[in-house]
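Engineer: fold the stuff below for me.
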Amino acid sequence: MARLLRLSSLAAANVLLLVAIIVFAQGFFPVKRLLPGLASLEADGSAGGMGGEEGELGTEMGMRMGSGMGRPKPVFDRVIFMVVDALRSDFVYGFESGFGFTQSLIRAGAALPFTAHASPPTVTMPRIKALTTGSVPSFADLLFNLDESGGGSSSLATQDTWLAQIRARGGQLVFYGDDTWLRLFPAEAGFFARAEGTSSFFVSDFTEVDHNVTRHLARELASNDWEAMVLHYLGLDHIGHKTGPQGANMLPKQREMDDIVKTIYEAMETESHLEDTLLVLAGDHGMNAGGNHGGSGPGETEPALLFASPKFGAVRKEGGYECPTTPREGTEFIYYREVQQSDLVPSLAGLMGLPIPKNSLGVFVRELGGVWASPGSATAMLWRNAVQMRRIVEVTYGAQSFGALVERSKTCFGVGGEADENGGGCNEPMGAEEALARSWARANSAMSGVNADSVASWDTIDGHILDFLVAAQETLSSAASSYDIPRMVVGIILSATALTLAILSLPTLWPPSTAGIFFAAASLLYGAMMFASSYVEEEQHFWYWLAPAWTLLLTVRSLSRAEGSKRTKIRIVAAGVLILPVHRVAVRWNQTGQKHAGAPDIVHDFFPDYHMTMWVLVLWTYRRNCYTLARRTFLDILPTEAAVAAAVALTVPAIVFKLSFTQADAPELVQGLGMLIRRWTEPFSLVLQAQVTFGLLALATVTTVVLAVGLAHGTSIAGKDGPAVNVTLAERLHYLLTLFLITQSRTPNIPLFLGLELQLLALSILLDASSASDEERISRRNAFISPIELATTVLLSSHVYFFCMGGSNSISSVDLSNAYNGIADYNVAAVGLLLFSSNWTGPIWWCSAAVSLTFSKRVKVVESAKPVTNGKRGWVDDERERLRRDAKAENLSTSTDPASQDHWMVYVSSMTASVAASLLAVMVACTALRTHLFIWTVFSPKYLYAMAWCVGWHILINIGLGSLLRWLGEMA
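Structural biologist: Numbering: from 1, shown residues only. The predicted structure follows:
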């Protein structure tokens, strides 16, 4: 009865964890409030469509000031929007840039340069949404960025964008490049008259992916049937991911992109139908020192943004800008003035005479106002922008509430926006809404002072309007995260309840063991660490230091428990000593975290120069796993020759696929024989090679289960109370899983599996150091280990190998390269499985290894214990001795205590308590620090990772896969 209650408590705890994650996420992540439909020119402040004060004011000014304050005339009738993926600002503006021609345009004044701030998550889909709608994308777009299907919430088909505005007035659009655009603007919506997409996930080359865009350029530049041409180049981003920003291919790629800018600009100068064309060169995001992106590290949020046209050079009296140049003092990547990416949207709308999209939070870039002859035109454009922004303010705070605050604030300002000393109620504004109302009232008063008989101080008026626009942009961008505090609190309460139930599911809490104290202390320290952004960014050091401390403690504990010979104690010391150097090498394998991203490590600094060493280690890893497949997985279920043949048949296709994949993904690592093998397999696609590898693994898995269960059926080893066996079914499947995980790992990480095997061997000695006799070991299936010690070991080792294989708490560290192995058409379940397995390779392996450690290994019978037999009937005595041992084993196994039979449940309870505690800490930190500067750059990604650890690793792998393997191990 007690066991049933504990099992029910454990099940309830894990169900509550799932519910808590969903409820908290609903309250924590942004809820977008979108205005429906398309904006129109008649609905902005220049034409009076609001029907209120702004509309009347705009109409009146338009009549009084004529062209000076009426709707600004369009300057351009076409736009070429060229996106270079991961175009960091220094790639264009720095002294080591390959954009020579572009820099000459900047010096001549024909191009206006900016650094555009890209809010995290710095991945392509959210940034495209910001560049087209002007709004703050939802953090959930990070997940939609992986969706190749193009359906669901990722589409912009029904939202107001500058592309939709061009289509609404009858213009045509063409597109070539990253097919993310075709998912956002699907073909069925008819957005593009002509389009061709290239996948950013399937294509790993640096050249063809861009040539497939450029080959259409000459034809489109000669055509005059489009108003907007969008080009999205991926090659520079691929180079960054593979070799980093300092890679040998980076500068040639920059020169290639610069040549494309030159081709477009020269066509704008010579082709009559392109004389009123605007060229926009933009990066969707930047990249960090390691060439990755997704977070808010240095370089990730600072892409370049540049507007180019011969018209700029003709009107800029002050000339061009100095270029190349250095970043602004105190910054690494901010060149010239920093604007928001969303500022592109109203700026493009004003220059092309388009309505500003309804949900835009962008501010018109004031430097672009110089293209109009009358200074009042730029002011009119800013006023249109302000009226459009006020609409969103009213939706956010309520029209009546905001209007009342505006009326109250009017007394604070006189005509022209100057402060009125006699105004009442003009104390310091209380709250963001009142501050915005005060700022709007001042801009409104400044505009009301404009008349036809006086020379307006346009700079002063512009300043007041910009004050409102910038304040509204900052306030509304943060308000886009509409926290539902009650839901967040409910999520926290559910997590706390799950933690309580997990603790109650443990059989005993007192007196605490040494392992239990260490386990609890680690969980408490980890929870406290979640409240500091720097510790979250550098979490790997917590596990890197804690794991050796646990190894030393475990070694000492094992020595104190060992009652065997001196040789046994030497084995324990040797095991403890072996783990430490392997750990040290592993933590230097991949440099991770934020503060030292790009620092020297084995993968990025040693292997490129010594790739033959890497391949020797890779092949040795495959050879080692092939050996264990033959000697362990297929032991006793296949004849020796067949077992070897089966192991080779599984391993060789896996090696060939990995070699072919590496040649396509990182060709600098494949030379010599590897290139020859790649040529032999060239007729077979990577998708087919992966499908063959996975198909053989699936076949081997099913065959192993059937044969092993059939072999054990009807014998004393079939059942949870059976005696120890040479190899359990769980261990057989472990080596098949290892081959799958090797296939899903990046090639330079494969040698880490040798370290995993060494550490597992050493830990099996430390964890099983007990005084049990050989006869007792034979008699029972369950190993003599502490489940708390096992849980502590697996928890620490899983996190260590997650980070040393390149993982971090930044979105930029998510590896997508193996997420599409064997997939011809997009499948969300398959991609999700492959994505998780390729990024949580180490933790998954340790969960499977934990199951193997829970089973005893059958020991060999000592020769001196065998009866001495003379004559030809010795085999009879041997058989009698075997039957006696089996009978005793069956009797002893049925009399084992309940606590030992439940050691897997205790292990799961311990892991559940740890996961619940960490999830609770992250939830509380996100709630308490929801106004923190780094809430969306550090804490939100950490919550996503906490979700993955809880749902993916703990519930699906630890409980799901682990319990399945445990059950199979008891069967055979």
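Engineer: confirm residue 281 sits in a strand?
Structural biologist: Yes. The assignment for residue 281 is a strand, going by DSSP: H, G, I helix; E, B strand; the rest coil.
Engineer: residue contacts, it?
Structural biologist: Neighbour list for residue 281: 82, 84, 87, 92, 102, 261, 304-306, 308 [criterion: C-beta atoms under 8 Å, 6 or more residues apart in numbering]. Heads up, the C-betas are built off the backbone N, CA and C, glycines and all.
Engineer: for residue 393, state which of the residues you listed is nearest.
Structural biologist: Distance to residue 393, by C-beta to C-beta, is smallest for residue 305 among the contacts of residue 281, at 25.6 Å.
Engineer: and the contacts of the helix or strand hosting that closest one?
Structural biologist: For residue 305, the host element (DSSP states H and E) is strand 304-308. Under the criterion C-beta under 8 Å, 6+ apart, residues 87-89, 91-93, 102, 105-106, 110-116, 261, 265, 278-283, 335, 339, 341, 344, 347, 365, 368 lie in contact with strand 304-308.
Engineer: do that again at 6 Å, thanks
Structural biologist: 87, 89, 92, 105, 111-114, 116, 279-283 (C-beta atoms under 6 Å, 6 or more residues apart in numbering).
Engineer: neighbouring strands of it in the sheet, and parallel or not?
Structural biologist: strand 111-117 (antiparallel), strand 277-282 (antiparallel) (DSSP bridges).
Engineer: quick one, what contacts the closest residue to residue 100 other than its chain neighbours?
Structural biologist: Spatially, and ignoring its direct neighbours in sequence, residue 100 is nearest to residue 258 (6.0 Å; C-beta to C-beta, 6 or more residues apart in numbering). Residues near residue 258 by C-beta under 6 Å, 6+ apart: 98-99, 101-102.
Engineer: residue 512: which of the residues you listed is nearest?
Structural biologist: Comparing the contacts of residue 258 against residue 512 with C-beta to C-beta picks out residue 98 as the nearest, at 62.3 Å.
Engineer: surely the closest one is in contact with residue 254?
Structural biologist: Yes. With contact defined as C-beta atoms under 6 Å, residue 98 counts as touching residue 254 (2.9 Å).
Engineer: got any residues that touch both of those two?
Structural biologist: The contact sets of residue 98 and residue 254 do not overlap (C-beta under 6 Å, 6+ apart).
Engineer: quick check: closest non-adjacent residue to residue 86.
Structural biologist: The shortest distance from residue 86 to any non-neighbouring residue, by C-beta to C-beta, 6+ apart, is to residue 237 (3.9 Å).
Engineer: the one you found: neighbour count?
Structural biologist: Counted with other C-beta atoms under 10 Å, residues neighbouring residue 237 total 26.
Engineer: centre of the chain to stretch 635-647, how far?
Structural biologist: Averaging C-alpha positions (C-alpha atoms, centre = their mean, to the nearest Å) puts stretch 635-647 41 Å from its chain's average.
Engineer: check which residues of it are buried.
Structural biologist: For stretch 635-647, burial by neighbour count (16 or more other C-beta atoms under 10 Å) applies to 635, 637-638, 643-644, 646-647.
Engineer: and stretch 744-758, by the same measure?
Structural biologist: 744-757.
Engineer: so which elements touch the helix or strand encompassing residue 584?
Structural biologist: Using DSSP H and E, residue 584 sits within helix 566-587. Helices and strands touching helix 566-587, by 3 or more C-beta pairs under 6 Å, 6 or more residues apart in numbering; DSSP states H and E, are helix 540-561, helix 752-767.
Engineer: now, of those, which is deepest in the fold?
Structural biologist: Stretch with highest mean neighbour count among these: helix 752-767 (a mean of 20; mean count of other C-beta atoms under 10 Å).
Engineer: so what touches that helix?
Structural biologist: Against helix 752-767 from outside (C-beta under 6 Å, 6+ apart): 554, 558, 571, 575, 578-579, 582, 586, 621, 785, 789, 793, 845, 849, 853.
Engineer: quick check, nearest of these to residue 215?
Structural biologist: residue 621 (41.6 Å).
Engineer: still on that earlier bit, go through the buried residues of stretch 635-647 and flag which are in strands.
Structural biologist: Using DSSP state E, no member of the buried residues of stretch 635-647 sits in strands.
Engineer: export the residues you listed to a markdown table and tack on distance to residue 198 and pLDDT?
Structural biologist: A markdown table is the format used below for those (distance: C-beta to C-beta, whole Å; pLDDT from 0 to 100):
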| residue | distance to residue 198 | pLDDT |
| --- | --- | --- |
| 635 | 48 | 89 |
| 637 | 47 | 89 |
| 638 | 46 | 91 |
| 643 | 45 | 94 |
| 644 | 44 | 95 |
| 646 | 40 | 95 |
| 647 | 39 | 96 |
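Engineer: tell me which two in these are the farthest apart.
Structural biologist: Once C-beta to C-beta is applied, those give 637 and 644 as the farthest pair, at 13.4 Å.
Engineer: kind regards, and thank you for your time.
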